[in-house]
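Student: The following block contains a protein sequence and its predicted model.
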Amino acid sequence: MPLYDFRAICGTEFEHLLSSWQDEAPACPHCGGASTRLLRTVNIGGGATLPPSAAAAPNSWEGTRRGDREYVAHWRRRLDERARFEERNPEFATRREAVAAHEGAFEHAPLTYRELAERAGADKDATTAVTEASRARMASIATAAE
C-alpha cells in the first residue's frame with residue numbers, strides 16, 4: 001500500500017497508508033478534523049545498465065593499455081560483475097565456445113571445437129575436419145568477394 005502525505009485544517013502534517021489513491025483522506029490524528037492530500041514529488045532517478053560482456057573487453061596487449069595493471073584489474077572486476085549478473089539472469093548470458101583455430105581462413109569466422117567435432121563425425125578424424133572447414137571458409141570468402 002502506498003504511503004501518502006496529508007495536511008489537516010489545524011496545520012498538522014502526517015502520513016497515512018491507503019490501499020488506493022482514490023480512497024478518501026483520513027481524519028487528522030491530532031484534532032480529528034478534515035485533511036487534504038499533499039502533492040509530493042518522488043525522485044526515481046538513475047537507470048539500470050548492464051555490465052559489459054566479454055565481447056566488449058580488450059583482447060590484445062594494446063587494448064589493455066599495454067598491460068596497465070589498474071586497467072586490467074578494472075576489467076577483471078567488470079567481467080566478474082557480468083558473470084554474477086548472468087548467473088542471476090541467464091537470459092542475458094552470452095554463449096561462448098572454445099576456439100580451435102582463429103588464424104588464416106578462420107580469421108573472420110573462428111573454428112570452434114563444436115564445429116570441429118560435428119565435421120569430424122563418426123570417423124573422428126580432426127585433420128580432415130579442419131581441412132573441410134578451411135575449404136568451406138575459403139569458399140565463402142571467395143563468394144563474398146565476387
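Tutor: Perfect, thanks for sending it.
Student: With Ala34 as the reference, measure out to Glu13.
Tutor: According to CB to CB, to the nearest Å, Glu13 and Ala34 sit 14 Å apart. (Each C-beta comes from the backbone N, C-alpha and C, glycine too.)
Student: Does Thr94 touch Ala54 like I think?
Tutor: Yes: Thr94 lies in contact with Ala54 (CB atoms under 8 Å); the separation is 6.4 Å.
Student: With adjacent residues omitted, what lies nearest to Glu97?
Tutor: Thr112 (4.2 Å; CB to CB, 6 or more residues apart in numbering).
Student: For that neighbour, name its beta-bridge partners.
Tutor: Residues in a beta bridge with Thr112, per DSSP bridges, are Val99.
Student: how many other residues sit next to it?
Tutor: Look at Thr112: counted by other CB atoms under 10 Å, it has 18 neighbours.
Student: do the one 10 residues further on as well
Tutor: Burial of Ala122, expressed as a neighbour count using other CB under 10 Å, amounts to 5.
Student: quick one: it is in a helix?
Tutor: Yes: assessed by DSSP: H, G, I helix; E, B strand; the rest coil, Ala122 belongs to a helix.
Student: how close does it sit to Glu115?
Tutor: For Ala122 relative to Glu115 (CB to CB), the value is 16 Å.
Student: One more: His102?
Tutor: For His102 relative to Glu115 (CB to CB), the value is 12 Å.
Student: who has more neighbours, those two?
Tutor: The residue with more neighbours, out of His102 and Glu115, is Glu115; 20 against 12, by other CB under 10 Å.
Student: Identify the spatial nearest neighbour of the more buried one, chain neighbours not counted.
Tutor: With CB to CB, 6+ apart, the residue lying closest to Glu115 is Ala133, at 6.5 Å.
Student: where does that neighbour land in three-state SS?
Tutor: helix.
Student: show me what contacts the nearest residue to Ala98 once chain neighbours are set aside?
Tutor: Once flanking residues are discounted, Ala98 sits nearest to Tyr113: 4.8 Å by CB to CB, 6+ apart. Residues near Tyr113 by CB atoms under 8 Å, 6 or more residues apart in numbering: 97-100.
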